[in-house]
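>>> sequence plus predicted model, see below.
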Amino acid sequence: MVVAEDESDARSLPDLVARVVALRSALCGAGDPAARVASAVAYDVALTRVCERVRIRHELTGELAGPEARHKAELQLLERMPSLDGVLSLDKPR
């Protein structure tokens with residue numbers, strides 16, 4: 001539902017990538033449980049939009065959505081855009 005209501009389609013790819021990078025940092029630093037959930041949803045929506053824009057198949061909106069689907073999408077995105085390697089910080093907890 002959140003993805004359907006998101007208006008990121010109008011944004012350029014560089015803007016979408018910048019949002020993913022910013023939200024990934026927020027995801028790692030979120031404090032209380034409610035903030036962690038909100039950060040995870042916002043990040044997953046942004047990551048979904050980038051994946052869709054560069055035609056990466058993902059499970060971020062399917063039945064297997066969650067940390068594992070997020071990690072797989074990040075790995076596929078890094079294969080397509082290796083310059084994001086340092087900014088996605090995949091070594092941090094999922």
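Received, thanks.
>>> C-alpha only now, for contacts and for neighbours.
Noted.
>>> what's the closest non-adjacent residue to the residue nearest the centre of the chain?
Nearest to the mean C-alpha position of the chain, by Cα atoms, centre = their mean, lies L47 at 2.6 Å. Computed as Cα to Cα, 6 or more residues apart in numbering, the closest residue to L47 that is not its neighbour in sequence is V20, at 5.9 Å.
>>> do R53 as well
L13 is the one closest to R53 (Cα to Cα, 6+ apart), at 7.2 Å.
>>> how many neighbours does the one you found have?
15 (other Cα atoms under 10 Å).
>>> separation between it and L60?
18 Å (Cα to Cα, to the nearest Å).
>>> and C28, by the same measure?
18 Å.
>>> those two: which is more packed in?
L60 (22 against 15).
>>> what sits against that one?
With contact set as Cα atoms under 8 Å, 6 or more residues apart in numbering, L60 has these partners: D44, T48, G66, A69, R70, A73.
>>> can you give me the neighbour number for the last one?
The one in question is A73. Around A73 there are 22 residues (other Cα under 10 Å).
>>> give me the phi and psi angles of it.
Reported as degrees, to the nearest 10, the phi and psi values for A73 are phi -60, psi -40.
>>> model confidence at it, what's the number?
With respect to pLDDT, A73 scores 94.
>>> so which bits of the helix ranked longest in the chain are buried?
As assigned by DSSP state H, the longest helix anywhere in the chain is helix 33-53. Residues of helix 33-53 classed as buried by neighbour count (16 or more other Cα atoms under 10 Å): 36, 39-51.
>>> turn the contacts of L60 into a markdown table, columns for distance to D85.
Output for the contacts of L60, formatted as a markdown table (distance: Cα to Cα, whole Å):
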| residue | distance to D85 |
| --- | --- |
| D44 | 18 |
| T48 | 18 |
| G66 | 21 |
| A69 | 18 |
| R70 | 15 |
| A73 | 13 |
